[in-house]
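[1] have a look at this fold, sequence not included:
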């Protein structure tokens, strides 16, 4: 009669509480049912190929290295114009009534003018002068040519007093958000960050994002400092955003703690991710069932089977599996790179599931046995 409660408990085995799927769910025939999902063993060649693949374009490739065209005047800039006329000055000079009065060159200084939206400024006796998209020297020649038939050997000097169109914006985790003007010397990325007072967070925890012409690129600040080629020249209109710890992974299953874990901008390895998640739980983890869930580019690896339908972004869903029962797996874990938004999952061991079942059985059988002993 004692077997009756035990038998009644057996159908409930499939509904035991658990934190996720067992390792067998992605192995053998069960794994073949996961259509469209690639299942890849984490080996040394796989880890090496993924670590050599850059997660994002480098600034030197995406943003180029050519110096920006900051010499051209644009709407919003402010200009100051000086005009000289050689003696005898007929346009800007004042006629003298004294005989043998010395003749000297006459100079006129025009008030500072902002280049209008249509790209013009006003010059007396000339009218509207197109200056937008021209350099200062080109503007001088243009005004001088237009004054040639009116003034006696005119000379022109133009100075840009305020450069309001050729600047970049620096925001985010910096000491002082600022608009930084660009000069013909060609300011670079680190120059703009320095002008904003530098970043607030430690260098190794900061990512720099550059937005240019609706394109967005990001790199760890540590990479930019170590590789001078990534310290690219800036272009007018660039937006530089300093971000602190924007990368994270989610740890689930039989780990020491189930939570979202932030990591440094330069990235971490699978071994570091396991350590930060508290490692596999000794009492219930299956060391052969360490998984990484990730969306990869179609050309990231040579896939075990032809990729099926990808995401709208062209990504392939992949489950990477690592066996920590093999000592070599700890070396592979040190070279396997973790990406932003990865999911780390460690499955429960079958023995842990059996222990759960036995605990449930004991809660049913022991009270019944105790009751029978008391009534006999």
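    Arrived safely. Remember, it's a predicted structure, so these values are computed and weren't measured experimentally.
[2] going forward, measure contacts and count neighbours with C-alpha atoms only.
    Fine.
[3] shaky segments in the stretch 101-250 of the chain?
    Where the stretch 101-250 of the chain drops to pLDDT under 70, the residues are 101-105.
[4] which element is residue 51 on?
    Using DSSP states H and E, residue 51 sits in helix 44-52.
[5] just checking, what packs against that helix?
    Packing contacts for helix 44-52, counted by 3 or more CA pairs under 8 Å, 6 or more residues apart in numbering; DSSP states H and E, involve helix 328-335.
[6] residues of the helix it packs on that come out buried?
    For helix 328-335, the neighbour count (16 or more other CA atoms under 10 Å) marks 329, 332-335 as buried.
[7] would you format those residues as JSON lines with distance to residue 113 and pLDDT included?
    Shown next, in JSON lines, are those (distance: CA to CA, whole Å; pLDDT from 0 to 100):
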{"residue": "329", "distance to residue 113": "70", "pLDDT": "92"}
{"residue": "332", "distance to residue 113": "65", "pLDDT": "94"}
{"residue": "333", "distance to residue 113": "64", "pLDDT": "95"}
{"residue": "334", "distance to residue 113": "62", "pLDDT": "94"}
{"residue": "335", "distance to residue 113": "60", "pLDDT": "93"}
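[8] could you tell me the model confidence score at residue 99?
    pLDDT for residue 99: 45.
[9] related to what we said a few turns ago, quick check, nearest of the buried residues of helix 328-335 to residue 59?
    Ranked by distance to residue 59 (CA to CA), the buried residues of helix 328-335 are led by residue 335 at 24.2 Å.
[10] what's near enough to touch the residue sitting nearest the centre point of the chain?
    Central residue of the chain (CA atoms, centre = their mean): residue 218, 2.9 Å from the mean position. Going by CA atoms under 8 Å, 6 or more residues apart in numbering, residue 218 touches 56, 59, 207-210.
[11] report the contact partners of residue 255.
    Residues counted as contacts of residue 255 (CA under 8 Å, 6+ apart) are 277-281, 285, 345-346.
[12] what about the closest residue to residue 336 other than its chain neighbours, how many neighbours?
    Sequence neighbours aside, residue 47 is the residue nearest to residue 336 in space, at 4.5 Å (criterion: CA to CA, 6 or more residues apart in numbering). As a burial measure, residue 47 scores 19 neighbours (other CA atoms under 10 Å).
[13] and the buried ones among the contacts of residue 255, selectable in ChimeraX?
    Command for ChimeraX that selects the buried part of the contacts of residue 255, burial taken from 16+ other CA under 10 Å:
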select :277,279,280,281,285,345,346
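[14] in strands only, show me the contacts of residue 218.
    Per DSSP state E, strands hold the following members of the contacts of residue 218: 207-210.
[15] for the residues you listed, which one is nearest residue 186?
    residue 210 (16.4 Å).
[16] now do the contacts for the closest one.
    Going by CA under 8 Å, 6+ apart, residue 210 touches 216-218, 238-241.
[17] correct me, but residue 37 touches residue 320?
    No. Contact criterion CA atoms under 8 Å: residue 37 and residue 320 do not qualify, at 10.4 Å.
[18] which one of these two has more residues nearby?
    Between residue 37 and residue 320, counting by other CA under 10 Å, residue 37 is the more crowded of the two (21 against 18).
[19] next structured bit after the longest strand anywhere in the chain?
    Looking across the chain with DSSP E, the single longest strand is strand 285-297. Note on strand 285-297: by DSSP H and E, the next helix or strand toward the C-terminus is strand 315-322.
[20] contacts for that following strand?
    Outside of strand 315-322, the residues that reach it under the criterion CA under 8 Å, 6+ apart are 36-43, 288-298, 307-310, 329.
[21] filter these to the buried ones?
    Buried members of the contacts of strand 315-322, scored by 16+ other CA under 10 Å, are 36-40, 42-43, 288-296, 307, 310, 329.
[22] gap between the closest residue to residue 156 other than its chain neighbours and residue 234?
    Leaving aside its chain neighbours, residue 156 sits nearest to residue 83 (4.9 Å; criterion: CA to CA, 6+ apart). Distance, residue 83 to residue 234, by CA to CA, to the nearest Å: 34 Å.
[23] between the two, who's got more neighbours?
    Each of residue 83 and residue 234 has its neighbours counted (other CA under 10 Å); residue 234 has more, 30 against 21.
[24] measure that one to residue 38 for me?
    Plainly put, residue 234 is 41 Å away from residue 38 if you go by CA to CA.
[25] OK, contacts around residue 221?
    By CA under 8 Å, 6+ apart, the contact set of residue 221 is 203-204, 206-208, 265.
[26] swap the cut-off to 6 Å and go again
    For residue 221, the contact set (CA atoms under 6 Å, 6 or more residues apart in numbering) comprises 206-208.
[27] just the closest of those residues to residue 167, please.
    Set against residue 167, the nearest of the contacts of residue 221 by CA to CA is residue 208 (17.7 Å).
[28] could you break the protein into its assigned domains?
    Domain assignment for the chain by automatic domain parsing gives 3-56+248-355, 78-162, 166-244.
[29] highest average neighbour count across those domains?
    Highest mean neighbour count of the domains of the chain: domain 166-244, a mean of 18 (counted as mean count of other CA atoms under 10 Å).
[30] now do it: distance from first to last residue.
    End-to-end distance of domain 166-244: 27 Å, with CA to CA as the criterion.
[31] for stretch 324-334, what is the distance to the chain centroid?
    31 Å (CA atoms, centre = their mean, to the nearest Å).
[32] relative to residue 129, which of the contacts of residue 218 is nearest.
    After measuring the contacts of residue 218 against residue 129 - CA to CA - the closest member comes out as residue 210, at 35.5 Å.
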